[in-house]
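1. predicted model follows, preceded by the sequence.
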Amino acid sequence: MSAVLRIESVSRAFGGVYAVRDVSLTVAEGETRAVIGPNGAGKSTLFNLISGHLVPDAGTVSYGPRGQWRRIDGLPPHARARLGIAIVFQGARLFGGMTALENVMVGAHARTRHGFLAGALRLPGQRREEAEIRADALAALERVGLREWAHRAADVLPLGQQRSLQVARALCARPRLLLLDEPASGLRAAEREALAQLIEGLREEGLTTMLIEHDVAFVARLADRVSVLDLGAHIAEGTPEEIRADEAVLTAYLGE
Ligand code: ADP
Ligand code: MG
């Protein structure tokens, strides 16, 4: 399988302490990759290094959908978003006072020429684009099963549906690489199940997804491969079965 993301010897420190240290990994096009590790392992930092919200101190991040490789570690987040990298941050909040549809439309503006502000201000020549974005946003809501919630206030939706809405917002930017930072945290069993089915559906459509998650069963169900971080280092990678049997992983989680 061809790769879509290649991270080589990436490091990032905060105040002299490494959050991510000399991490190398490759993600195949179309796979679902879980990233696991204890709290503070550097998982969110790694995702931010991919999305551009953090810049590495050393190492390279290369992105190559359909074999078109380029270095992206020098690009700002909006440029990476335009290339098809979407992130749902850990604990991401929705815009209160906006409907579900409006929240998704904010995501769609990431890939337009004019950006969200121009769209929000309805500058001349924006109308047609606005209509396209609205149609895309409705389609994204449909895709995550939230079409009927389009005109409800987003921040009063149940937590599971708020997470689906975050995914819809990311999908509206038409990503080729979707980064989900702990999308299942705090969800009830039925909500986790709905989210798992949503992620499985995206995989069937061929979308490459990276997913930070603590629940072993959730990871085993969804992930093709698992990367394990501990204290900023990439200590193991393999199938969920391989990772469950890995001594270094057990040590990282249980301590010594
Ligand atoms: P994880 O997502 O695996 O829980 P993080 O990537 O959030 O871990 O954090 C890794 C380490 O980097 C932690 O020790 C954390 O305190 C530190 N860290 C992360 N972001 C920052 C930041 N913006 N400023 C200072 N320290 C940070
Ligand atoms: Mg985190």
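-> Arrived safely, thanks for sending. Bear in mind that the values here come from a model prediction, so they are computed numbers and not experimental data. Ligands and ions are numbered 1, 2, ... in the order given.

2. not including adjacent chain positions, what is the nearest residue to Ala190?
-> Distances taken as Cβ to Cβ, 6 or more residues apart in numbering place Gly160 nearest to Ala190, at 7.4 Å, with adjacent residues excluded. (Each C-beta comes from the backbone N, C-alpha and C, glycine too.)

3. dihedrals phi and psi, the one you found?
-> Per-residue torsions, Gly160: phi -60, psi -40 (degrees, to the nearest 10).

4. who in this structure is up against ligand 2?
-> 43-44, 90 (Cβ under 5 Å from the ion).

5. of these, buried ones?
-> Among these, those classed as buried by 16 or more other Cβ atoms under 10 Å are 43-44.

6. which other helices and strands does the helix or strand where Arg169 lies contact?
-> Using DSSP states H and E, Arg169 sits within helix 159-171. Applying 3 or more Cβ pairs under 8 Å, 6 or more residues apart in numbering; DSSP states H and E, we find helix 159-171 packed against strand 85-88, helix 100-108, helix 127-143, strand 177-181, helix 189-204.

7. mind exporting the longest one as CSV, just the C-alpha atoms?
-> The C-alpha atoms that make up helix 127-143 are tabulated as CSV, following Å, rounded to 0.1, in the frame of the first residue of the first chain:
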residue,chain,number,x,y,z
ARG,A,127,-23.0,34.2,-2.8
ARG,A,128,-22.5,31.3,-5.2
GLU,A,129,-19.6,30.0,-3.1
GLU,A,130,-21.8,30.4,0.0
ALA,A,131,-24.5,28.2,-1.7
GLU,A,132,-21.9,25.6,-2.5
ILE,A,133,-20.6,25.5,1.0
ARG,A,134,-24.0,25.2,2.4
ALA,A,135,-24.7,22.2,0.1
ASP,A,136,-21.4,20.6,1.1
ALA,A,137,-22.2,21.2,4.8
LEU,A,138,-25.6,19.6,4.5
ALA,A,139,-24.0,16.7,2.7
ALA,A,140,-21.4,16.4,5.6
LEU,A,141,-24.2,16.4,8.1
GLU,A,142,-26.0,13.7,6.2
ARG,A,143,-22.8,11.6,6.1
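
8. buried ones in the helix holding Arg169?
-> By 16+ other Cβ under 10 Å, the buried positions in helix 159-171 come out as 160-171.

9. tell me the angle it makes with strand 177-181.
-> Counting by axes from the mean of the first three to the mean of the last three Cα atoms, to 10 degrees, helix 159-171 lies at 150 degrees to strand 177-181.
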